[in-house]
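Student: Show me how the following folds:
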Amino acid sequence: MKEGEPLKGYLLYPVYAENRLVIPAGTTPLGSVVKLNPDRNRRIHSWLRGDFTPFHIPVVQFDQLVLPDGSVQSIVSQNATGGAPVLHLWAAPSAGRRSFFTLQLNRAKQQVKDTAAVVTAPGRGDRLVQAIYRQLPYHPERIESATAWTVSLEQPLSLGPDSFAAELGAGPAKGFLSQRVDAPVLHERSWQLHAYLKETISSAQQKPGDTFEAVVAEPVFDAGHALEIPQGSQLIGTVTQAKPARWFGRSGKLRFNFRELKLPDGLSQHVDGTLTGADASRSSDLQLDADGGVQSKSRNGAAIPLALTVLAGRALDDDGSLAGNSAVASNGFGIVGRVVGAVASSSNLAAGIGFYAAALSFYDRWVARGHDVLFRKDTRIEVTTSPGRNLFHAAEVQQPPAIDR
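Tutor: From the prediction side, this is the model:
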């Protein structure tokens, strides 16, 4: 990760203009890292744990699009920062009310599965290398795969007569279905809307009753391929629950719904909308329930702090070699701690390093403030809505009324 490093990605979602697909998902954007800003918070956090890598936040810029037909389109984009590996949250099916014991048991099972996935999931070799790097006091930085940025264009994108958009056909239904067979379609009076947030919302800043807006990014067609919900329509959301993160590992909670849908021409419709999917940073470790509520997963695990405490006590044992016991006791503070503990020939120093690492682990999991739920501006969301009684059709609304002569 350095200035000038080339980047090659793919477009996560299709781009529409006037309800027509103009840039399909999977289009390849090409760019580079243009700047590295210091990441002070991560630096301080790492210094306290024996990692003195001068961490940075990359600033990237994209200047070309490689379209599906192989043609290259130049673009002028703004600098983008704040990229992070992203995963898509899906609402879990409702499981009804469960006892506290059942919830704790299920949580323990999930932690075991997550731990096993570190060894069994694809990419084991890369994870091993990164685990070794984290033990070093200084190591290379990199931009992780699946890192996502939202990029805004400085100038309009001009698509000529030979562009992908020109091949869509005269009608939106014909062109749309020829390229997007998986288009969202109206089924049983329920709409699956793909939208993005117009503003940042979080469990720390929002309060119950606060409203916000999301913009529909993809048009919705009915079973007859007639336009139902045009791109650019607005969803009005209302926060129903917001709890900020608190000390002792208590994470934030955020719940909201959507009760109004506005078409671009101003027509408004009451809907019952629930969040059923959203993009989120992997590091935020969020989970989405069946009712659209979002919260961070619990971090309160006792196994690691307990193991580090037991290992730290090894330095005070009389059996075994002093250097061996000291190296084991100073575990948890990277290679720096092990080397210092082994060569110092001081059991008290080695034990002190080990107990310090155990105390940091205990603090991180049990004392520190939990994570807030944060959805940044332009976050992609999926909303399942049920229209009200007066169902409107966008294609009909946009036509001028007939005049009797």
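
Student: okay, which residue is most central for this structure?
Tutor: residue 280 (1.9 Å; CA atoms, centre = their mean).

Student: list the contacts for residue 247?
Tutor: 367-369 (CB atoms under 8 Å, 6 or more residues apart in numbering). The way it works is simple: take the backbone N, C-alpha and C, and place the C-beta from them, glycine included.

Student: Just list whatever residues bridge to the residue nearest to the centre of the chain.
Tutor: Beta-bridge partners for residue 280, by DSSP bridges, are residue 87.

Student: Quick check: it vs residue 372, distance?
Tutor: Distance, residue 280 to residue 372, by CB to CB, to the nearest Å: 12 Å.

Student: Then residue 17?
Tutor: Residue 17 sits 35 Å away from residue 372, going by CB to CB.

Student: and the two? which has more neighbours close in?
Tutor: Neighbours per residue (other CB atoms under 10 Å) separate residue 17 from residue 372, with residue 372 holding more: 21 against 13.

Student: Provide a list of residues in contact with the closest residue to that one other than its chain neighbours.
Tutor: Leaving aside its chain neighbours, residue 372 sits nearest to residue 252 (4.0 Å; criterion: CB to CB, 6 or more residues apart in numbering). Neighbouring residues of residue 252 by CB under 8 Å, 6+ apart: 202-204, 242-245, 295-296, 370-373.

Student: can I get those in a markdown table with distance to residue 89?
Tutor: Converted to a markdown table, the contacts of residue 252 look like this (distance: CB to CB, whole Å):
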| residue | distance to residue 89 |
| --- | --- |
| 202 | 16 |
| 203 | 15 |
| 204 | 19 |
| 242 | 18 |
| 243 | 18 |
| 244 | 20 |
| 245 | 18 |
| 295 | 11 |
| 296 | 12 |
| 370 | 18 |
| 371 | 14 |
| 372 | 16 |
| 373 | 11 |
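
Student: If you count contacts, what does the helix or strand where residue 125 lies end up packed against?
Tutor: In the assignment (DSSP states H and E), residue 125 maps to helix 124-135. Helices and strands touching helix 124-135, by 3 or more CB pairs under 8 Å, 6 or more residues apart in numbering; DSSP states H and E, are helix 334-343.

Student: C-terminal to the helix it packs on, which secondary structure element comes first?
Tutor: Later in the chain than helix 334-343, the nearest helix or strand by DSSP H and E is helix 347-362.

Student: returning to what we had before: quick check: buried residues in the helix holding residue 125?
Tutor: Buried residues in helix 124-135, defined by neighbour count with 16 or more other CB atoms under 10 Å: residue 135.

Student: now swap in stretch 48-67 and tell me
Tutor: Neighbour-count burial for stretch 48-67, counted by 16+ other CB under 10 Å, picks out 49-51, 53, 55-62, 65, 67.

Student: try stretch 274-294
Tutor: Per 16+ other CB under 10 Å, stretch 274-294 contains these buried residues: 274-281, 284-289, 292-294.

Student: For residue 46, what are phi and psi?
Tutor: phi -80, psi -40 (degrees, to the nearest 10).

Student: quick revisit: how close does the residue nearest to the centre of the chain get to residue 199?
Tutor: 17 Å.

Student: Kindly report the same for residue 55.
Tutor: 28 Å.

Student: next structured bit after the least confident helix or strand in the chain by mean pLDDT?
Tutor: Counting by mean pLDDT, DSSP states H and E, the chain has its least confident helix or strand at helix 172-179, which shows a mean of 32. Going down the chain from helix 172-179, the next helix or strand is strand 191-197, by DSSP H and E.

Student: What lies in contact with the helix or strand following that following strand?
Tutor: Past strand 191-197, further along toward the C-terminus, the next helix or strand under DSSP H and E is strand 201-202. Applying CB under 8 Å, 6+ apart, the contact partners of strand 201-202 are 210, 212, 239, 252, 254, 256, 372-375.

Student: Tell me the strands beside strand 201-202, with direction?
Tutor: strand 374-375 (antiparallel).

Student: so where's the stretch 1-150 of the chain shaky on pLDDT?
Tutor: 92-101, 103-104, 106-108, 110-112, 114-119 (pLDDT under 70).

Student: Going by residue numbers, what spans are helices in it?
Tutor: 40-47, 100-120, 124-135 (DSSP state H, counting those that start in this stretch).

Student: got the contact list for residue 212?
Tutor: 197-199, 201, 206, 236-237, 239, 256 are the contacts of residue 212 under CB under 8 Å, 6+ apart.

Student: Residue 231 in helix, strand or coil?
Tutor: Following DSSP: H, G, I helix; E, B strand; the rest coil, residue 231 is assigned to coil.

Student: how about it, what does it touch?
Tutor: The neighbours of residue 231, taking CB under 8 Å, 6+ apart as the test, are 16-19, 216-219.

Student: Just the buried ones out of the residues you listed, please.
Tutor: Buried among the contacts of residue 231 (16+ other CB under 10 Å): 16, 19, 216-219.

Student: Which pair of those spans the longest distance?
Tutor: 19 and 217 (11.3 Å; CB to CB).

Student: Might you calculate how far stretch 276-285 sits from the centre of the chain?
Tutor: 4 Å (CA atoms, centre = their mean, to the nearest Å).

Student: Need the contact partners of that stretch.
Tutor: The contact list for stretch 276-285, computed with CB under 8 Å, 6+ apart, reads 84-91, 146, 148, 192, 286, 288, 292, 294, 296-297, 299, 371, 373-375, 379-384.

Student: Restricting to C-alpha, output that stretch in CSV.
Tutor: What follows is stretch 276-285 as a C-alpha-only set of coordinates in CSV (Å, rounded to 0.1, in the frame of the first residue of the first chain):
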residue,chain,number,x,y,z
THR,A,276,-33.8,-6.8,5.0
GLY,A,277,-30.2,-6.3,3.9
ALA,A,278,-27.4,-3.8,4.1
ASP,A,279,-23.7,-3.4,3.4
ALA,A,280,-21.5,-3.1,6.4
SER,A,281,-17.8,-3.0,7.2
ARG,A,282,-16.4,-6.3,8.3
SER,A,283,-14.7,-4.7,11.3
SER,A,284,-18.0,-3.4,12.6
ASP,A,285,-19.2,-7.0,13.1
